[in-house]
Every structure is written in C-alpha cells, then in structure tokens.
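Chemist: give the three-dimensional model of this entry:
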Amino acid sequence: MTISAQSLQDGIYTAIQAERGAEEYAARCASCHSSDLRGNSNSPSLIGLSFMFIWEGKTLGELFHKMSTEMPTESPGSLSMQSYASILAFILRSNDFPAGDTDLAASADALASIPISSN
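Modeler: Next comes the predicted model:
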C-alpha cells in the first residue's frame, strides 16, 4: 500500500490559523505586498496566476524557508515560526486552497514534501 504525499487540496491548515495569519499579514507584510496580496513593482504578488507562476513546482517548504529567512525585509526572520506558518496559511486561503482540521506545520522540513500545485 502506497501512502501519498499531502497536497494543497488536503486541507493542511485551519481557518482559525488563516485568520491569525491575516492579522499578522496586515501588520507585517501588507506594507510591501499590499493589503490585497497583489504586490507592486518591488514585491511579488502572493495571489493568483502571478503567485503560481513563481511558486508552482516548488514546495511549501521552500516558500516557508524563504519567508522565515528573508521576510520581512526590514527585519528578516524576526517573527515566530508559528507566525510564519499562520501567514502562509492566510496566503493558501487567499489562493482558494481549502482549510482542514490541523494547523499548518511551522517548519520548512515538515512542509518540504508538499508541492505547490493548482491541482
């Protein structure tokens, strides 16, 4: 029997976690990536086709690592791992990936096997 890897369609974060992430995003990320996650000429979009163009084919672990080591730009790595996971949950919800019953893991290693894919 083969165990399949988790996917973004499996509900890998909770709605409550995404709500916490929305608050953290507004406080720490919106000034660069905009309140609607669409970014600007200096910061990439975190939603829709532009987000998928950059991240599809990579893993959530890669995205979490980038967030937790490079963001926010004025103070990289300054948030807790739980805050980065909550913000990532908010980004996933904003991209219409479904919520589930378990919080998204707060570790790049734990997320390394989850591909970013629209299907």
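Chemist: going by C-alpha atoms from here, please, whenever you check contacts or count neighbours.
Modeler: OK.
Chemist: find the residue at the geometric middle of the protein.
Modeler: Geometric centre of the chain, nearest residue: Leu88, 2.4 Å, by Cα atoms, centre = their mean.
Chemist: which element, helix or strand, includes it?
Modeler: helix 81-94 (DSSP states H and E).
Chemist: so which elements touch whichever helix or strand comes after that helix?
Modeler: Later in the chain than helix 81-94, the nearest helix or strand by DSSP H and E is helix 108-111. Here helix 108-111 touches helix 60-70, going by 3 or more Cα pairs under 8 Å, 6 or more residues apart in numbering; DSSP states H and E.
Chemist: quick one, the helix it packs on and helix 81-94 angle?
Modeler: Interaxial angle, helix 60-70 versus helix 81-94 (axes from the mean of the first three to the mean of the last three Cα atoms, to 10 degrees): 130 degrees.
Chemist: run through this structure and note the low-pLDDT ranges.
Modeler: Within the chain, the stretches with pLDDT under 70 are 1-4.
Chemist: who touches Ser94 in this structure?
Modeler: Neighbour list for Ser94: Ile47 [criterion: Cα atoms under 8 Å, 6 or more residues apart in numbering].
Chemist: same deal with Ser7?
Modeler: Contacts of Ser7 by Cα under 8 Å, 6+ apart are 114-117.
Chemist: mind putting those residues into a markdown table with secondary structure and neighbour count?
Modeler: Listed next are these as a markdown table, based on DSSP: H, G, I helix; E, B strand; the rest coil; neighbours: other Cα atoms under 10 Å:
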| residue | secondary structure | neighbour count |
| --- | --- | --- |
| Ile114 | coil | 18 |
| Pro115 | strand | 19 |
| Ile116 | coil | 19 |
| Ser117 | coil | 15 |
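Chemist: nearest to Leu104, out of these: which one, please.
Modeler: Proximity of those to Leu104 (Cα to Cα) peaks at Ile114, which lies at 11.1 Å.
Chemist: that closest one touches Gln6, doesn't it?
Modeler: Yes. Judged on Cα atoms under 8 Å, Ile114 makes contact with Gln6 at a distance of 5.7 Å.
Chemist: that older thread, just give me how far the helix holding Leu88 sits from the chain centre.
Modeler: 5 Å (Cα atoms, centre = their mean, to the nearest Å).
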